[in-house]
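Undergrad: Here is my input; please provide its structure:
(2 chains)
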Protein chains: 2
Amino acid sequence: MDPQAGAKPHFSVGRLLFGHPLQTKDLPHQAISRPVGLAVFASDALSSTAYATEEILIILSLAGGGAALFGISIPIAIAIAILLAIVTVSYRQTIYTYPNGGGAYIVARDNLGELPAQIAGAALLTDYILTVAVSISSGVAQITSAFPNLLPYRVDLAVGVIVIMAIVNLRGVKESGRIFAIPTYFFLGIMALTLIVGFIRMLTGTLTPVTGVEALQHQVLEPLTVFLVLRAFSSGCTALTGIEAISNGITAFKKPRSHNAAVTLIWMSSILIVLFLGITIMAHQIEAQPSEVETVISQIGRAVYGGESVFYLLTLAGTALILLMAANTSYADFPRLAALAARDGYLPRQLTFRGGRLVFSWGIVILSVLAALLVILMDARTTALIPLYAIGVFLSFTLSQSGMVVHLWRVSKLKPGETMQGLETTLEYDAHWRKKIVISAIGAFVTGIVMIVFTVTKFTSGAWFVVLLIPALVFVFSRIHNHYQDVARSLSLAGKKPDVQSRPVQTLIMIDDVHRETVRLVDFAKSLGHPWRAIHVAINPEKAEIVKQKWNERIGEGELIILESPYRLLSEPITEYLLELQEQNPDSFIHVVLGHLAMDTFWEQTLHQNTALIFNLSLSRFDNVAVTMIPFRINRQNGKHAPAESAQSAGAAR
Amino acid sequence: MDPQAGAKPHFSVGRLLFGHPLQTKDLPHQAISRPVGLAVFASDALSSTAYATEEILIILSLAGGGAALFGISIPIAIAIAILLAIVTVSYRQTIYTYPNGGGAYIVARDNLGELPAQIAGAALLTDYILTVAVSISSGVAQITSAFPNLLPYRVDLAVGVIVIMAIVNLRGVKESGRIFAIPTYFFLGIMALTLIVGFIRMLTGTLTPVTGVEALQHQVLEPLTVFLVLRAFSSGCTALTGIEAISNGITAFKKPRSHNAAVTLIWMSSILIVLFLGITIMAHQIEAQPSEVETVISQIGRAVYGGESVFYLLTLAGTALILLMAANTSYADFPRLAALAARDGYLPRQLTFRGGRLVFSWGIVILSVLAALLVILMDARTTALIPLYAIGVFLSFTLSQSGMVVHLWRVSKLKPGETMQGLETTLEYDAHWRKKIVISAIGAFVTGIVMIVFTVTKFTSGAWFVVLLIPALVFVFSRIHNHYQDVARSLSLAGKKPDVQSRPVQTLIMIDDVHRETVRLVDFAKSLGHPWRAIHVAINPEKAEIVKQKWNERIGEGELIILESPYRLLSEPITEYLLELQEQNPDSFIHVVLGHLAMDTFWEQTLHQNTALIFNLSLSRFDNVAVTMIPFRINRQNGKHAPAESAQSAGAAR
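TA: This is a model prediction of the structure:
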């Protein structure tokens, strides 16, 4: 059969919303260049500059704020930039080690074992959901900074954006890269302009502090301790979120993949460091203050351009856009990881199926619902969502880099020229293993510390949820995995050629009355050519008498068995009869044949009992019982089954 | 099989709430005496005295109220009592004419034709719903009269009572009569006491007007016109609601049924007239005023006994109880009438089935939901519900008595001794036909006028709904009837002995992979002994290759057909293939065999595709295609299918 001529799907509802179906062969086989790769994979990382500086200032404001105190943000940002550089180098190593994709899940599975891999998987799935919630909340916050009268609607706006994003992704985004390039480079351009203009005005002395900010007020102030600085550092580390994206997507790059991916990673991290430091310094210069109603980016924009300038609005638009793009990457990554986990039997198998538009529809729907739920629960407040987000991100950073430490430790055992086969990659001798292991170890250690700081300081304000969620997810994964393994074991032929054997078949036809449909059932039973009997359940004893009489008059062959049903139940007497029959003939197939009146419309169908459908379910609990449904089409339009005679004799239809 | 030993139902959920299931033979075959009959059937009629007087006063208050104006209520009540007497005599005739039950539906069908019968049926079904809504709303109003702080919860209270009543009736009320006798006779006793004490106090001059009533205030007053008096008369006619109950339930009486029923009817009407007139006169004496917060019964009770007396509370309790009993009669009548209409093919056939407790469960649930909805919409206000109620009641009165006029007209054609066979009854010569026809005609005419007055005056405040609803119901009845007739015609054998013939059978087994379940399908196909083929839909082309190879290695016989599915659809390629096959072999049965992995728990089942269930539905649209499901039990507990070998080779389970 020609695939082109293959059966096209019939559905038209939703065609308008989701587009026409696509063929499997249309799956994109992309190979992207470095600039496009930067645009595709950088949005998540770069967008975190929209809130990272602000998160530092929020923690510092706990000690009272003020220009002097906020000045500490600059050394903190520099420390974060250094950590970012270390993690980047560590991930660069991962990219070369796992040229087929080196996400935390794969690296952990390869080096740390199944359980850490499951933990990494759970952490990543949680993260993708939170990326959507955080990015969209922050994006909406940029918009409400410019238009404060939209502030009461921020939850509605955020949920609305999630719904639109879900529809767009269910249609399937052609990852042509170009679409991604526009917002990413627009953001980079406008932010570069803002920082340059800002620094020029600073140097020329025309940059004045921002005014009219409704600053965040704390009821109780804390002393400026080392721990507070550590908390500010941890909060600022949200700047790191998203830098793992390239290591997940190596296969999308043009060859040589690892090299191109690594170069793109360095570019991305460099831009990220420049932006993050620039924004932090600029925020300090203009004396930006954390606020519930205006983001730091908006304050910078206002100070640099003035609140009436179109460039101010463009800055916020660019920031909101890159945040939307960042959320959108989760719409590609979450369903893909869920499908991967499902393929390996850790999540329901249904997640591996591609819908009409070739996307993993279930994954998109689940992601959207959960992200929307989080946004609603947390009132679309970025700061409230950040701890939940950061724990997962830094957990997967820690696991990934610990995996690399183990990997490099194994590599250290190799002699020059020697190789060893891992699960996903080949281990080769590496003279620089010492230097590399130190980098990965520092990365693992510091990201681990950040994770612990978040967990401890935010435990009561939401972090407990992630602390419970990740083990719960791991538990569910393992239960699902066990189930699929049990099923596979049950179904296994163990590679042997099985004995295929013929067995006796007993046919039972279930009849409710004696009419045209009954005749069809008898036809079928006789056509099968095995011993057959008819069964009637006497829910109404008077009717049973009539059925018996009609059977003798009109069919006049075969045996009709009437089963009593004092409690007016249908399935139970049949179940009992089948159990008896099974006991008497343990080697036979019992073949139960039911009629089903098939109607043209749903409403007509509801006027009938549809016993066959109910039966099918209740009888599926038996071994050796096959259930057959013989549809009998009732079609008023063409009147195929409608001869002219009177209906009086037909009796009641089910 | 001994019915005692018959299959007992398994379900235990709801057993606590609804009681253990009952056998069909336990259906009560009652024969009740006159006093019990009065208790069983009178509650609906007698309970209407709780609101009839009040409804007259509400209309009169539109003209300003005051003792002089309210005095008109007494002649109006006398006129209503006369109408009540006429309708009673008319119904007495019906009872003798239709000894097997003479409800409006049967009388209309017998004398006026199918359409009027359908209208009567629709009116009755509407009435039963409104009886529940009105009686419970009025019952709650009696309670809130005594405890005004419950007033804000009247809707909640009314809905709560409906829910309890639904549960009680789903358990099944043993209509022993005794349970009914207690509240009915308690109400009669306490009301008799109230009226007697009231009249004694009136005659001794110690009865003073009631005080502290928060009287109903109207924005705009109307002049006292004849039409207003007519409206007051119509509103008071709600006293008549329920007097038809005995004519529906003649068969429940001891023999001679008609005679006993007729005597009970006369008793009931006499008591009703006395009560209604007594309450109306007493209301006038104590200068009762219609009020939103206190019922007239409560005002009478307070004036007669004083608001602190226990007898005052007993009066309200008795009234509330009889109203609950009245609502409860609908719980017997609505499901019974719905079952009758369903048996005749005017409502879905499912309504004829008795549940585990022998009650018509669907009818009870539908009645409860609709009544609760009405109570919520109308804010549990009796006065707002009355017009909706009265239209239906008086429409069925009019139809029933018009039917009797036609019946008596036919009787008038007979000569002495001559008889004629009707549909439901035998027409006999009657010398008194002239007198009888006048009574029925007056009854039909006046009840018709009352119906029109309600329809016109209350059209905009809710009556429009009933005016639209009844024709809509009649339309639905006829559509359902046509459908069942079409089906019956399609199924009809027209009494002929049909040709039962053998036809060729082609077996197709649907396979997803090659494992133990597949072997079972092949077993079954071979056991059937007809030509067979295996079909695999290539949703994943790579997997299809593997399946082909496994098939050759492990099964090695029969033909495996791979169907392409470029859009990753399952049903559509099979549908196309079946259409082709059907065209080539129009006389064959095509026998599609599917495997179904049956799990122990719902959650485990959700981890699988359950394709077989989906297929069953989509393939039921074909003629000559039989669909068989072979269950394959996966049972971890007993490990029946779980040999020790590795699961690696089993491949993915569906």
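Undergrad: touching chain B at all, stretch A:109-128?
TA: No: Stretch A:109-128 lies apart from chain B when judged by Cβ under 8 Å from any Cβ of the partner chain; the minimum separation is 15.5 Å. (C-beta placed from N, C-alpha, C; glycine too.)
Undergrad: and the helix or strand containing residue A:191, what's its mean pLDDT?
TA: For residue A:191, the element it lies in under DSSP states H and E is helix A:178-203. For helix A:178-203, mean pLDDT rounds to 91.
Undergrad: downstream neighbour of it in the secondary structure list?
TA: Counting by DSSP H and E, what follows helix A:178-203 is helix A:226-236.
Undergrad: Tell me how far that following helix lies from the chain's centre.
TA: Centroid separation between helix A:226-236 and its chain, computed with Cα atoms, centre = their mean, to the nearest Å, is 31 Å.
Undergrad: Can you name the next helix or strand after that helix?
TA: Using DSSP H and E, the helix or strand that follows helix A:226-236 in sequence is helix A:245-248.
Undergrad: Next, the angle from the helix or strand following that following helix to helix A:226-236.
TA: Using DSSP H and E, the helix or strand that directly follows helix A:245-248 along the chain is helix A:257-285. Put simply, helix A:257-285 runs at 130 degrees to helix A:226-236, going by axes from the mean of the first three to the mean of the last three Cα atoms, to 10 degrees.
Undergrad: Check which helices and strands helix A:257-285 is in contact with.
TA: Helix A:257-285 sits against helix A:34-47, helix A:52-61, helix A:67-70, helix A:73-97, helix A:178-203, helix A:245-248, helix A:296-305, with contacts defined as 3 or more Cβ pairs under 8 Å, 6 or more residues apart in numbering or on different chains; DSSP states H and E.
Undergrad: Could you pull out the buried residues of that helix?
TA: A:257-258, A:260-265, A:267-269, A:271-273, A:275-285 (16 or more other Cβ atoms under 10 Å in any protein chain shown).
Undergrad: Which residues of the stretch 201-350 of chain A lie near chain B?
TA: Neighbours of chain B within the stretch 201-350 of chain A, by Cβ under 8 Å from any Cβ: A:348, A:349, A:350.
Undergrad: returning to that earlier point: any chance of JSON lines for the helices and strands packed on helix A:257-285, columns distance to residue B:435 and mean neighbour count?
TA: As requested, those are exported to JSON lines (distance: least, Cβ to Cβ, whole Å; neighbours: other Cβ atoms under 10 Å in any protein chain shown):
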{"stretch": "helix A:34-47", "distance to residue B:435": "95", "mean neighbour count": "25"}
{"stretch": "helix A:52-61", "distance to residue B:435": "96", "mean neighbour count": "26"}
{"stretch": "helix A:67-70", "distance to residue B:435": "105", "mean neighbour count": "14"}
{"stretch": "helix A:73-97", "distance to residue B:435": "106", "mean neighbour count": "21"}
{"stretch": "helix A:178-203", "distance to residue B:435": "92", "mean neighbour count": "17"}
{"stretch": "helix A:245-248", "distance to residue B:435": "97", "mean neighbour count": "26"}
{"stretch": "helix A:296-305", "distance to residue B:435": "94", "mean neighbour count": "26"}
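Undergrad: Tabulate the ones you listed (TSV), appending distance to residue A:583.
TA: TSV is the format used below for the helices and strands packed on helix A:257-285 (distance: least, Cβ to Cβ, whole Å):
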stretch	distance to residue A:583
helix A:34-47	63
helix A:52-61	71
helix A:67-70	83
helix A:73-97	62
helix A:178-203	66
helix A:245-248	57
helix A:296-305	76
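Undergrad: So the strand or helix carrying residue A:629, near chain B or not?
TA: Assigned by DSSP H and E, residue A:629 falls within strand A:625-633. Yes: Strand A:625-633 is in contact with chain B by Cβ under 8 Å from any Cβ, via A:625, A:626, A:627, A:628, A:629, A:630, A:631, A:632, A:633.
Undergrad: Give me the helices and strands touching that strand, please.
TA: Here strand A:625-633 touches helix A:516-528, strand A:589-598, helix A:611-619, strand B:625-633, going by 3+ Cβ pairs under 8 Å, 6+ apart.
Undergrad: how about the longest one: buried residues?
TA: Along helix A:516-528, these residues count as buried under the neighbour rule (16+ other Cβ under 10 Å): A:516-528.
Undergrad: now it against helix B:516-528, angle please.
TA: Going by the same axes, to 10 degrees, helix A:516-528 makes 90 degrees with helix B:516-528.
Undergrad: Wondering if helix A:516-528 reaches chain B at all.
TA: Yes: with Cβ under 8 Å from any Cβ as the criterion, chain B is reached by helix A:516-528 at A:516, A:517, A:519, A:522, A:523, A:524, A:526, A:527, A:528.
Undergrad: Any chance you could list what contacts stretch A:210-230?
TA: Residues outside stretch A:210-230 that contact it (Cβ atoms under 8 Å, 6 or more residues apart in numbering or on different chains) are A:58-65, A:69, A:72, A:76, A:286-294, A:299-300, A:302-303, A:453.
Undergrad: how about the residues of the stretch 351-500 of chain A near chain B?
TA: A:353-354, A:356, A:480, A:483-498, A:500.
Undergrad: re the thing from before, tell me the one of the buried residues of helix A:516-528 nearest residue A:601?
TA: Proximity of these to residue A:601 (Cβ to Cβ) peaks at residue A:517, which lies at 19.0 Å.
Undergrad: ok, residue A:385 touching residue A:376?
TA: No: counting by Cβ atoms under 8 Å, residue A:385 stays clear of residue A:376, with 11.6 Å between them.
Undergrad: could you say which helix or strand contains the closest residue to residue A:534 other than its chain neighbours?
TA: Nearest residue to residue A:534, sequence neighbours excluded (Cβ to Cβ, 6 or more residues apart in numbering or on different chains): residue A:560, at 4.6 Å. In this assignment (DSSP H and E), residue A:560 forms part of strand A:559-564.
Undergrad: Pop out the phi and psi values for whichever residue of the stretch 301-450 of chain A sits closest to chain B.
TA: Proximity to chain B, evaluated over the stretch 301-450 of chain A using Cβ to the nearest Cβ, is greatest for residue A:348 at 5.1 Å. Main-chain torsions, residue A:348, degrees, to the nearest 10: phi -50, psi 130.
Undergrad: What is the burial count for it?
TA: If you count neighbours by other Cβ atoms under 10 Å in any protein chain shown, residue A:348 ends up with 18.
Undergrad: Residues touching stretch A:416-423, excluding its own?
TA: A:109, A:110, A:111, A:407, A:410, A:414, A:426, A:427, A:428, A:429, A:431.
Undergrad: again with stretch A:461-468
TA: Contacts to stretch A:461-468, defined as Cβ under 8 Å, 6+ apart, come from residues A:126, A:378, A:384, A:387, A:388, A:391, A:392, A:454, A:455, A:457, A:459.
Undergrad: Indicate which one of the helices and strands packed on helix A:257-285 is closest to residue A:506.
TA: helix A:245-248 (57.0 Å).
Undergrad: Kind regards, and thank you for your time.
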